[in-house]
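Peer 1: From the sequence below, what's the structure:
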Amino acid sequence: MKKLLNEVILRKYVRAIILPLITLFMAVSLFAIPAFATGVYEFPNLTPDTWVVDEGDVISRINESKISTSFADLAKQTGNEVRFVTVRRLDYGETPESFSKALLNKWFPEKESQTNQVLMMIDTVSNGIAIITGDKVKSILSDDTAKSVAFETFLAPLRDGDKYNQAFLDASDRLVAILSGQPDPGPPQMADNTQVEGTYRSAEESKKDRGNATAWVVGLLIAATVIPMATYYLYLVNQPSSDS
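Peer 2: Residues are numbered from 1 along each chain as shown. Down below sits the predicted model:
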């Protein structure tokens with residue numbers, strides 16, 4: 001009789017554990033990975049003294065302050081404004097260009113207020129980059145030059161070991177020079193043996209990382225299920241049997 005009672009208790013105990021864990025697993029599977037992504041709606045409204053938004057956490061405070069001071073001085077002297085944005089990962093289906101355009105529209109809803117703006121952003125997981133310029137800025141910073149700043153000046157230090165601080169400093173120096181009316185210093189001279197392909201994470205690598213994260217979650221959930229059950233089972237097995 002006691003053995004039967006213990007079996008009933010064990011079944012109830014298992015159901016009490018498994019059902020919540022199944023619910024937790026479904027929630028984690030659906031939302032754990034996207035939770036690390038960043039959408040435009042998560043960004044606060046822009047303040048006048050904000051020049052760098054480092055959500056990717058790749059710029060040192062000293063360099064962020066230096067860049068902010070340079071951009072603030074540029075705005076006072078010329079009226080042209082530059083802002084740098086980093087994120088860890090974009091929402092599913094979002095591209096650096098679509099994100100940058102949406103963020104520019106969020107921060108500057110009126111088209112007239114966008115004419116003197118330059119916004120450059122990078123997704124630090126894939127190193128996807130985009131640069132958006134207003135109509136007024138294009139007269140001194142052409143689209144080709146803007147792309148050169150983003151894809152040559154900025155990306156060059158990343159190809160040499162993910163040197164984000166150097167990348168932002170180089171890009172800011174070149175942008176400030178051009179937008180101040182000084183001669184364009186041009187992109188850095190690249191060595192012929194630079195391994196460009198080694199800088200970026202491929203889609204397969206990103207997918208593998210997501211798979212590894214999911215595997216960890218599944219493993220933890222299994223452990224959370226099996227260990228209490230095994231402990232309780234061993235407890236029952238070690239109990240002295242008695243028939244009544």
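Peer 1: how many neighbours does the nearest residue to Ser68 once chain neighbours are set aside have?
Peer 2: Spatial nearest neighbour of Ser68, excluding adjacent residues (C-beta to C-beta, 6 or more residues apart in numbering): Trp51 at 4.2 Å. All C-beta spots, glycine's among them, are computed from the backbone N, C-alpha and C. By the criterion of other C-beta atoms under 10 Å, Trp51 has 22 neighbours.
Peer 1: what about this structure, any weak spots by pLDDT?
Peer 2: Scanning the chain for pLDDT under 70 picks out 1-37, 190-244.
Peer 1: how does it divide into domains?
Peer 2: With domains defined by automatic domain parsing, the chain comprises 2-31+206-237, 40-198.
Peer 1: What about the nearest residue to Val125 once chain neighbours are set aside, how many residues nearby?
Peer 2: Leaving aside its chain neighbours, Val125 sits nearest to Arg89 (4.6 Å; criterion: C-beta to C-beta, 6+ apart). Neighbours of Arg89 under the rule other C-beta under 10 Å: 20.
Peer 1: Tell me where this structure has strands.
Peer 2: Under the criterion DSSP state E, strands of the chain are mapped to 52-54, 81-87, 117-123, 128-133.
Peer 1: Give the pairing partners of the shortest one; include direction for each.
Peer 2: The strands that strand 52-54 pairs with in its sheet are strand 81-87 (parallel) (by DSSP bridges).
Peer 1: ok, now the third one?
Peer 2: With DSSP bridges as the criterion, the sheet partners recorded for strand 117-123 are strand 81-87 (parallel), strand 128-133 (antiparallel).
Peer 1: what about those, which gets the closest to Gln182?
Peer 2: Nearest to Gln182, of all the strands paired with strand 117-123, is strand 81-87, at 14.5 Å by C-beta to C-beta.
Peer 1: Glu97 and Ile122 touch, don't they?
Peer 2: No: counting by C-beta atoms under 8 Å, Glu97 does not reach Ile122; the two are 11.9 Å apart.
Peer 1: More neighbours: which of the two?
Peer 2: Comparing Glu97 with Ile122 by other C-beta under 10 Å, the one with more neighbours is Ile122, at 27 against 14.
Peer 1: tell me the contacts of the more buried one?
Peer 2: Neighbouring residues of Ile122 by C-beta atoms under 8 Å, 6 or more residues apart in numbering: Gly56, Val85, Thr86, Val87, Pro96, Gly128, Ile129, Phe154.
Peer 1: and Tyr92, how many neighbours?
Peer 2: Using other C-beta under 10 Å, Tyr92 has 9 other residues around it.
Peer 1: oh, I was asking about Lys66
Peer 2: With other C-beta under 10 Å as criterion, Lys66 counts 17.
Peer 1: Not counting sequence-adjacent ones, nearest residue to it?
Peer 2: Using C-beta to C-beta, 6+ apart, the nearest residue to Lys66 is Leu169, at 7.3 Å.
Peer 1: Hmm, the one you found is touching Ser65, no?
Peer 2: No: between Leu169 and Ser65 there is no contact under C-beta under 8 Å: 11.8 Å.
Peer 1: These two - which one has more neighbours?
Peer 2: Legend: neighbour count by other C-beta under 10 Å for Leu169 and Ser65, higher for Leu169 (18 against 13).
Peer 1: Distance of the more buried one relative to Thr115?
Peer 2: Per C-beta to C-beta, to the nearest Å, Leu169 is found 27 Å from Thr115.
Peer 1: give me the number of residues near the nearest residue to Ala102 once chain neighbours are set aside?
Peer 2: The shortest distance from Ala102 to any residue other than its chain neighbours is 4.4 Å, reached at Val40 (C-beta to C-beta, 6+ apart). Using other C-beta under 10 Å, Val40 has 19 neighbouring residues.
Peer 1: Also the one 10 residues further on?
Peer 2: Neighbourhood size, Thr50 [other C-beta under 10 Å]: 14.
Peer 1: Nice, that's everything, thank you.
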